[in-house]
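*Asks:* Fold the stuff below for me.
(chains A and B)
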Amino acid sequence: MVSKFGLANAPSSSNCTIYLGRLTMEVNYENGLNLKATELRLGLPGSDEPEGQTTPRPNKRTSSEISSSGLTDDGNDDHQASAPPAKAQVVGWPPIRSYRKNCIQAKKNEVEGGTGRYVKVSVDGAAYLRKIDLHVYGSYPELLEALEKMFKLTIGAYSEREGYNGSEYAPTYEDKDGDWMLVGDVPWEMFISSCKRLRIMKGSEARGLGCV
Amino acid sequence: MSEDDERQQSPPSDLDFVSNKARNCNATGSGSGHPEFQSAYPDQVLENVLENVLHFLTSKRDRNAASLVCKSWYRVEALTRSELFIGNCYAVSPARATARFTRVRALQLKGKPRFADFNLMPPDWGAHFNPWALAMAKAYPWLEKVHLKRMTVTDDDLATLALLLLGFKELVLVCCDGFGTSGLAIFVNECRQLKVLDLIDSEVSDDETDWISCFPEGESHLESLIFDCVECHINFEALERLVANSPSLKKLRLNRYVSIGQLYRLMIRAPQLTHLGTGSFSPSEIAGQGDQEPDYVNAFAACKSLVCLSGFREIIPDYLPAIYPVCANLTSLNFSYANITAEQLKPIISKCHKLQVFWVLDSICDEGLQAVAATCKELRELRVFPVDPREDGDGPVSEVGLQAISEGCRKLQSILYFCQRMTNAAVIAMSKNCPDLVVFRLCIMGRHRADPVTGEPMDDGFGAIVMNCKKLTRLAVSGLLTDKAFDYIGQHGKLVRTLSVAFAGDSDMGLKYVLEGCPQLQKLEIRDSPFGDAALRSGLHHYYNMRFLWMSSCRLTPSGCQEIARAMPRLVVEVIRSADEEEMDDAVEILYMYRSLEGPRTDLPKFVTIL
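*Replies:* Below is the predicted model of the structure:
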């Protein structure tokens, strides 16, 4: 890709963005080429605008500084790894409220299926809850094994007719309608999209499910 | 004097007849032997007449003007003002407000400046509703309505409102935070006369309390229930019962945890709705084969009064045809959370001939906007939000869409348009085609981006807007802008009250043009622009007329701001640091200044210094 001003960009790994009127070049030094030394700029001689910064500032770094946490503040950092490394974003720009950003981002996640889907997990009798990312698991056996390890209990084998046999625990989940369902009845993908939280039931309540 | 004191304790009365009042006063006067009553009789009649007349005055600007006529008018206006609007909660204290206005029934308060919405303000800056809640509860036990914007409201505040204000009817919280579902639970449980509970764009923490079940059993007076921003599950059965028990319910906006199946059940119970937020608009689970899907089309068809539709938070486009029956009557449609294509939009929008307000995502592309322009001849307000809110993201809408809208929607009054590219030509076209524009907010998401066709700055485009749109009061600029753009604004933007500037201008002259040229300017918010102390000085003649000035990441120094603070004692000059910054040094990170009768506020966080 050759820029408008005829400068050949460094091959493959460089990220270059050209803006008319205020030439800012981001240069990737990965290939060992230091284009910065030979770059043509439209800025005033002597003014050195470090990459990503906006207006030259007296002494301090800007507060509208590069935000490395990216767009959303929902705490899921892993999704940044899957997205292509974009130009660093400035805080509060463009001016969209975080609620709106999060909603659209959440939708994108659901569509792509690529990022965190954290749900709370409670176990009857346990002092506190845990949270797991459903997207980490590819199937019911994987999920159940992980739960067994996390809470140090045995869940037993699933059968369509009898639910979970072989232990005093039964894994259940709350779906989008607010109903409590037995884990394992619906296809895995449907489960992931409708599961809001998990509860591992214990004792007679759990056994009761097996008789239904 | 004494008469006023009496009035202070009594609830607001209906219109009294002039003669009655006069007779009473005479009696009191003669009874207590106050000679001044006898001689003040003609003035008293005048005041009573005035009081009756002023009851009809509702516009706050008119009331402010009336209160300046003379002391008598000031007094009477204060007694008859039932709706109190305070645009900056720090401009006046609760004590002062309650002392002057004694018969307030409705309170509207605004707190943080708008740029706080975009994380430019550190959290816990202020705008606490608490002191107001306590003051209101004491001074106005008959208070019926509270409307807050960008304030921090705690669960305790909600409890205060509910428990101490009998007969409280209406709570509207816009862009607020600080409370949770447990606060809501107490509130709805105690407010037996509640008519309106609108939670809009507010942050509600999930305390795992089932607040919907806390509405009292039996028939409710509810007319409006808006909770689309509440990000937690709700008890659907309780909601269904509530809707069934609310015959006056006209506005219902559900959150995304309500499935389309549940929406159906609510709609058939409330066909009288005028405003509906559909919730997720997708099924809770993929409908299995052979499952009977409810007749959604019929449910919408039954809502003959529906004029405003929103929601579609997790839309499955297959269900869109369900809304066909209501399209012809819709005046407001909000698709801004629905990631739909032009093809999916067209069959809907082609039926929406009466549409006046349309919010949408740019996923519909220029083609979708062309479809809007072709049908929606009555459009007054358009907002186009980005699916991909990044600077270098894809840009599905451009100057093409804006041009089409300007040609098709001649009655346009308000536009908010996010895009990645825009030409001066299209903006100029809009300025000529849409002379009724009152609000023009264009956000070219790439900073400092010039006209891609001519390579020029965007000065001429915005210049045309201020020149040709004679009614313009609100303007937001973007793209590559030189001082020339601000020269235009100063010369022609004589009615501009709100101006938003980001990454624009070359020098102090830019800000000077605006401060010297725009006499109606009330709210000025600027970020990342090269304006310094000299520019700030040029507004000294005007700052008392403004609600606030916000400047962040500009070129201000503490001494420059100090100068302003010294010159203007009634101005509160706040210098705000990002929470993790070190103490004062040579540059001012954020300047936020506003007129106030109270002087420096007492609830300052550590990162704010008042000069």
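*Asks:* Got phi/psi on the residue lying closest to B:Met593 once chain neighbours are set aside?
*Replies:* Nearest non-adjacent residue to B:Met593, counting by C-beta to C-beta, 6 or more residues apart in numbering or on different chains: B:Val573, 4.5 Å away. For the C-beta atoms, the positions are set from N, CA and C on the backbone; glycine is no exception. Phi and psi for B:Val573, reported as degrees, to the nearest 10, are phi -110, psi 100.
*Asks:* Check B:Val572 too.
*Replies:* phi -100, psi 120.
*Asks:* Do I have it right that it meets B:Met593?
*Replies:* Yes: counting by C-beta atoms under 8 Å, B:Met593 is a contact partner of B:Val572 at 6.4 Å.
*Asks:* Tell me where the stretch 151-300 of chain B has strands.
*Replies:* Under the criterion DSSP state E, counting those that start in this stretch, the stretch 151-300 of chain B contains strands at B:170-174, B:179-180, B:196-200, B:204-205, B:224-226, B:251-254, B:275-278.
*Asks:* Between the ones you listed, which one is closest to B:Val477.
*Replies:* Among the strands of the stretch 151-300 of chain B, the nearest to B:Val477 by C-beta to C-beta is strand B:170-174 (24.7 Å).
*Asks:* ok, back up a step: hmm, B:Val608 and the residue nearest to B:Met593 touching each other?
*Replies:* No: using C-beta under 8 Å, B:Val573 is not in contact with B:Val608; the gap is 10.7 Å.
*Asks:* does the closest residue to B:Cys434 other than its chain neighbours belong to a helix or a strand, and which?
*Replies:* Distances taken as C-beta to C-beta, 6+ apart put B:Leu412 closest to B:Cys434, at 4.4 Å, once the chain neighbours are dropped. Assigned by DSSP states H and E, B:Leu412 belongs to no helix or strand.
*Asks:* Which positions in whichever strand or helix holds B:Glu367 come out as buried?
*Replies:* Element membership for B:Glu367, per DSSP H and E: helix B:365-375. Across helix B:365-375, burial judged by 16 or more other C-beta atoms under 10 Å in any protein chain shown covers B:Cys365, B:Asp366, B:Glu367, B:Gly368, B:Leu369, B:Gln370, B:Ala371, B:Val372, B:Ala373, B:Thr375.
*Asks:* need those in JSON lines with distance to B:Pro283, can you?
*Replies:* Output for these, formatted as JSON lines (distance: C-beta to C-beta, whole Å):
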{"residue": "B:Cys365", "distance to B:Pro283": "27"}
{"residue": "B:Asp366", "distance to B:Pro283": "32"}
{"residue": "B:Glu367", "distance to B:Pro283": "29"}
{"residue": "B:Gly368", "distance to B:Pro283": "25"}
{"residue": "B:Leu369", "distance to B:Pro283": "30"}
{"residue": "B:Gln370", "distance to B:Pro283": "32"}
{"residue": "B:Ala371", "distance to B:Pro283": "28"}
{"residue": "B:Val372", "distance to B:Pro283": "28"}
{"residue": "B:Ala373", "distance to B:Pro283": "33"}
{"residue": "B:Thr375", "distance to B:Pro283": "30"}
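*Asks:* what's the spacing between the helix or strand containing B:Asn52 and its chain's center?
*Replies:* Take DSSP H and E as the rule and B:Asn52 turns out to sit in helix B:41-54. Computed by C-alpha atoms, centre = their mean, to the nearest Å, the separation of helix B:41-54 from the middle of its chain amounts to 36 Å.
*Asks:* Can you name every helix or strand that that helix contacts?
*Replies:* Contacts defined by 3 or more C-beta pairs under 8 Å, 6 or more residues apart in numbering or on different chains; DSSP states H and E place helix B:41-54 against helix B:18-32, helix B:71-80.
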